[in-house]
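**Q** Sequence below, structure please.
(2 chains)
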Amino acid sequence: MNLAEMVHFSFDALNHQKLRSFLTVLGIIVGISSVILLVGLVQGLKQDVLSQLEDFGPRTIIITPTNPEKSTSGMSMTSFAPTSGKLFEKDYEKIKKIPEIQSITKVIAGQTTVTFKNQSISSGVYGVEAGVFDDTVPVEIDSGRFIEANDRRVAGLGWSIADSFDEKPQAQSSIYLADQKFKVIGVLKEGGNSFAPMDSIIFIPFDDAKELFNKSLLKDEISAIRLTLKEGSDVDAVAAQIEDILLASHRVTEDDKDFGVITSKFINDQFSEVMNLLSLFLAAIASISLIVGGIGIANTMFMSVLERRKEIGTMKAVGASQHEIRNIFLVESAMIGLVGGFIGLVVAGAIGFVLLYGFGVAFVFDPLAIWGALAFSMVVGLVSGTFPAIEAAKIDPIEALRYE
Amino acid sequence: MTAKEVLRLEDIRKVYHMGDDIIVEALKDIDLHIHQGELVSILGPSGSGKSTLLHIMGLLDSPTSGKRYVDGIETSTMDDEEQARIRGEKIGFVFQTFNLIPSLTALENVELPLLLCRKQCRDRKGHAKALLERVGLGDRLEHLPSQLSGGQRQRVAIARALVNDPEIVLADEPTGNLDSKTGHEVLELFKELHKEGRTIIIITHDEYIAKTTKRMIRIRDGQTVS
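**A** Residues are numbered from 1 along each chain as shown, chains lettered A, B, ... in the order given. All right, here's what the predicted structure looks like:
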């Protein structure tokens, strides 16, 4: 019997016990499709964040008063929330002297109440330097304009901030930040990402922010420094240089560093680490269902061997050797695995398609996963079928033929 | 000119050890010569050792001592692989309970020995089909065993036993599960095949069936009696 004949033979046998075969195959379908789905979702998430990283810009460096290497989530590094450490104008002045810098801006960030026409919401507020901030971060205007030099008491609204009022504020509208009156000069386009959450921020001139948050900030304290390097600069070298400057300025050692110097490479490294861990973790969980599916195959095959004792005896009588009986049963269990893997692949593909196009969930269908899933499902089938197949080969034809 | 000897048993003994001290001697000093083209019945009551004899003749079991020649080849000490090969090439089995593979069609069941045979067998389907037509089932090729009557199933089994062109056809109570009319038809089929030159050995406990064959061997308590 060659392989094609054995496959055909197995197919007939599986087809003969449709319900049982289907239920066994179902176990593998669930296992394979959950592995592919989870891996696809993690990959999608990764791709999503990586594309945001591109927005971050390869030559951008953000200096924050938090040390992201000590933060547990690895993602909070993107927030400007005040923490134990502090940054001051003098830090800014020192860093500004680095010759590779193309543009640099200091930012004051805070949270305050925004009131427009008797409706109040809470919003993040950035105090930015006109003409410099928009050099380091792409700012796109939907209507009106962005903050310009010598502007005072004006505000540019992020898209979703403007949108969260019943009546949308427009250029020339008056809004109140805490109890201070500001004139809206423009609304930004929808955009931004987790590294520059432009949509949910109100931008005001740096000096106004200093006044607005003077109670919560120390003298000359700032929330972050954002800078872009000249083309062709060595980002890592500059980051190291900044680190040295701040360590000296803050009189701290590497171990109790109270600030963070974030580059796209740094984020990439941190992020990849988290993603790989997540991938591994989810794949491990999904693999449990595959193991259960494999146990299902073993169970079905043992039952099948028991049920088909007489058939096995007959096959031996008409010339099948122990090897052939073993191989026939191995092919049969491999087929269960393979068919399960194939259907699982289709199911995962369909769900992924719906997630991607129906719900906009990032999902990556890795071509490698197709071959991986098929090979893996077949291996699960083979491994699960090994003991039943050996059992089948050992059956004594005389006993089996007598068996009613 | 005498016909070729297709099966020879010399001083065959088969002993079963049931536990420590109990020894059952199923076959004692069996000497048997079967020539090509013979139709032989082996008659014995249950427990006489006729099943054990069938298993030894069919290479499903090995004798404890003695020599067994199939088509001139000494086979008593062969391993599983070699015995399977000889079974596949030189022996055809017909069983009381037909023993067709339920998931295969009549045609596929007949083809099965050719699938397992190590020789390159050309036109398996054509050969299997011709045999099914020979036993009168040319219109039942694609039927599953469950869709056939008992008599039809036994005909499929007979076609299967013939498909590898065996030296010997061993039939174990081939009419035991059939009503007397179909049983008679199956016996007639065996006689026709015998006339076509096949060597057939029918094992039975039925005196009537045994008497329809030219040569009858009686077995009792593991020994042949004449």
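
**Q** Pick out the residue in chain A sitting closest to chain B.
**A** residue A:319 (2.2 Å; Cβ to the nearest Cβ). C-beta coordinates here come from the backbone N, C-alpha and C atoms, glycine included.

**Q** who touches that residue in this structure?
**A** Contact partners of residue A:319, counting by Cβ atoms under 8 Å, 6 or more residues apart in numbering or on different chains, are B:84, B:85, B:87, B:88, B:89, B:113, B:116, B:117, B:164.

**Q** How many neighbouring residues does the fifth one have?
**A** Think residue B:89. 18 (other Cβ atoms under 10 Å in any protein chain shown).

**Q** what's the spacing between it and chain A?
**A** 7 Å (Cβ to the nearest Cβ, to the nearest Å).

**Q** right, and the helix or strand after the helix or strand that residue falls within?
**A** According to DSSP states H and E, residue B:89 maps onto helix B:80-90. Elements were assigned by DSSP H and E; along the chain past helix B:80-90, the next helix or strand is strand B:91-94.

**Q** From the contact counts, what lies against the helix holding residue B:89?
**A** Secondary-structure packing of helix B:80-90 (3 or more Cβ pairs under 8 Å, 6 or more residues apart in numbering or on different chains; DSSP states H and E): helix A:309-317, helix A:322-353.

**Q** What angle do helix A:309-317 and that helix make with each other?
**A** 80 degrees (axes from the mean of the first three to the mean of the last three Cα atoms, to 10 degrees).

**Q** Buried ones in helix B:80-90, by neighbour count?
**A** B:83, B:84, B:85, B:86, B:87, B:88, B:89, B:90 (16 or more other Cβ atoms under 10 Å in any protein chain shown).

**Q** Secondary structure element holding residue A:281?
**A** Going by DSSP H and E, residue A:281 is in helix A:264-307.

**Q** Next one: that helix, is it in contact with chain B?
**A** No: using Cβ under 8 Å from any Cβ of the partner chain, we find that helix A:264-307 stays clear of chain B, coming within 10.1 Å at best.

**Q** Quick one: list the elements packing against that helix.
**A** Secondary elements touching helix A:264-307 (3+ Cβ pairs under 8 Å, 6+ apart): helix A:18-56, helix A:235-250, helix A:322-353, helix A:367-394.

**Q** The first one versus helix A:367-394: what angle between them?
**A** On the basis of the same axes, to 10 degrees, helix A:18-56 is oriented at 150 degrees to helix A:367-394.

**Q** Can you spell out which helices and strands pack onto the next helix or strand after helix A:18-56?
**A** For helix A:18-56, the following helix or strand on the C-terminal side (DSSP H and E) is strand A:60-64. Judged by 3+ Cβ pairs under 8 Å, 6+ apart, strand A:60-64 is in contact with strand A:224-229, helix A:235-250, strand A:260-263.

**Q** Mind putting these into JSON lines with mean neighbour count and mean pLDDT?
**A** What follows is those, written out as JSON lines (neighbours: other Cβ atoms under 10 Å in any protein chain shown; pLDDT from 0 to 100):
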{"stretch": "strand A:224-229", "mean neighbour count": "24", "mean pLDDT": "88"}
{"stretch": "helix A:235-250", "mean neighbour count": "16", "mean pLDDT": "87"}
{"stretch": "strand A:260-263", "mean neighbour count": "22", "mean pLDDT": "86"}
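
**Q** For residue B:212, find the nearest of these.
**A** Across those, residue B:212 has its closest neighbour in strand A:260-263 (98.4 Å, Cβ to Cβ).

**Q** List the neighbouring strands of that closest one plus their orientation.
**A** strand A:60-64 (antiparallel) (DSSP bridges).

**Q** what comes into contact with the strand it pairs with?
**A** Contacts of strand A:60-64 (Cβ under 8 Å, 6+ apart): A:77, A:80, A:87, A:91, A:95, A:136, A:195, A:223-229, A:235, A:238-239, A:242, A:246, A:259-264.

**Q** what does stretch B:208-217 give?
**A** B:32, B:38-43, B:175, B:183, B:187, B:191, B:202, B:204, B:224, B:226.
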